[in-house]
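S.K.: here is my input; please provide its structure:
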Amino acid sequence: MQLYEVFLGLGQDSFVQLVRGISIGRLKTYQLYDRLKTRLHLPKLNAEGLRKGAPRFWERLVEQDETFATELAQGILVSHMDMITAALDVLGVPNEDGFFAKDLDAPKYLTEGWQQRVLDALKDRFPGPLLVFYVNHLGWELLKSAEVFHPATVPAPAA
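M.R.: Next up, the predicted model:
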């Protein structure tokens, strides 16, 4: 599975939600602002630019631009480090503020049904599309998953 497939598997409406959740402050904190601004082809990276650019970003994913998908995923994920930390804690994955060791023995923590466990545990705290995106990203990154995970029901957005 490629990362652009994860985005496409979520659908365009969920993708727009993910893009709107990008935090400019977090991008600057993690020194991703300039890189993402360049990758998104935006003269100024702000909430309005993200909102207006979402249809163009979607088209780049439809064109299977994996490098673009990877950079965009980074921007989305650093904007939600609290969700990442919570998900890793649910799974018992040792981490430091959402970052885990590169040599992590992932299968030890990502046992049968791990995706649904994360969704069930965090559905009241975080938006469903974000959780589904993250469990797919985690599977892509750690397990080299071959297929996009689609839960039986996508959790409703957190209030």
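S.K.: for the rest of this, base every contact and every neighbour count on C-alpha atoms.
M.R.: Will do.
S.K.: straight-line length of stretch 131-145, end to end?
M.R.: Counting by Cα to Cα, to the nearest Å, you get 16 Å between the two ends of stretch 131-145.
S.K.: check what contacts it and list those residues.
M.R.: 1-3, 6-7, 10, 77, 83-84, 106-107, 115, 118-119, 122-123, 146, 148-151, 154 (Cα atoms under 8 Å, 6 or more residues apart in numbering).
S.K.: chain center to that stretch, what's the gap?
M.R.: The chain centroid and the centroid of stretch 131-145 are separated by 8 Å under Cα atoms, centre = their mean, to the nearest Å.
S.K.: if I look at I24, how far off is L138?
M.R.: The value you get for I24 to L138, if Cα to Cα is used, is 23 Å.
S.K.: no, scratch that, I was asking about I22
M.R.: Spatial separation of I22 from L138 under the definition Cα to Cα is 18 Å.
S.K.: when those two are compared, which one has more neighbours?
M.R.: Set I22 next to L138 and count neighbours by other Cα atoms under 10 Å: I22 wins out with 22 against 19.
S.K.: how about the helices in the protein?
M.R.: Assigned by DSSP state H, the chain shows helices spanning 3-10, 12-20, 24-29, 33-39, 47-62, 66-78, 81-91, 114-122, 128-138.
S.K.: deepest in the core, which of those helices is it.
M.R.: helix 128-138 (a mean of 23; mean count of other Cα atoms under 10 Å).
S.K.: what is the mean pLDDT for that one?
M.R.: Averaged over helix 128-138, pLDDT sits at 96.
S.K.: how about stretch 50-63?
M.R.: Per-residue scores along stretch 50-63 average to 97.
S.K.: got it, and stretch 21-34?
M.R.: Rounded mean pLDDT across stretch 21-34 is 96.
S.K.: could you tell me the end-to-end distance of it?
M.R.: Span of stretch 21-34 from end to end, Cα to Cα: 18 Å.
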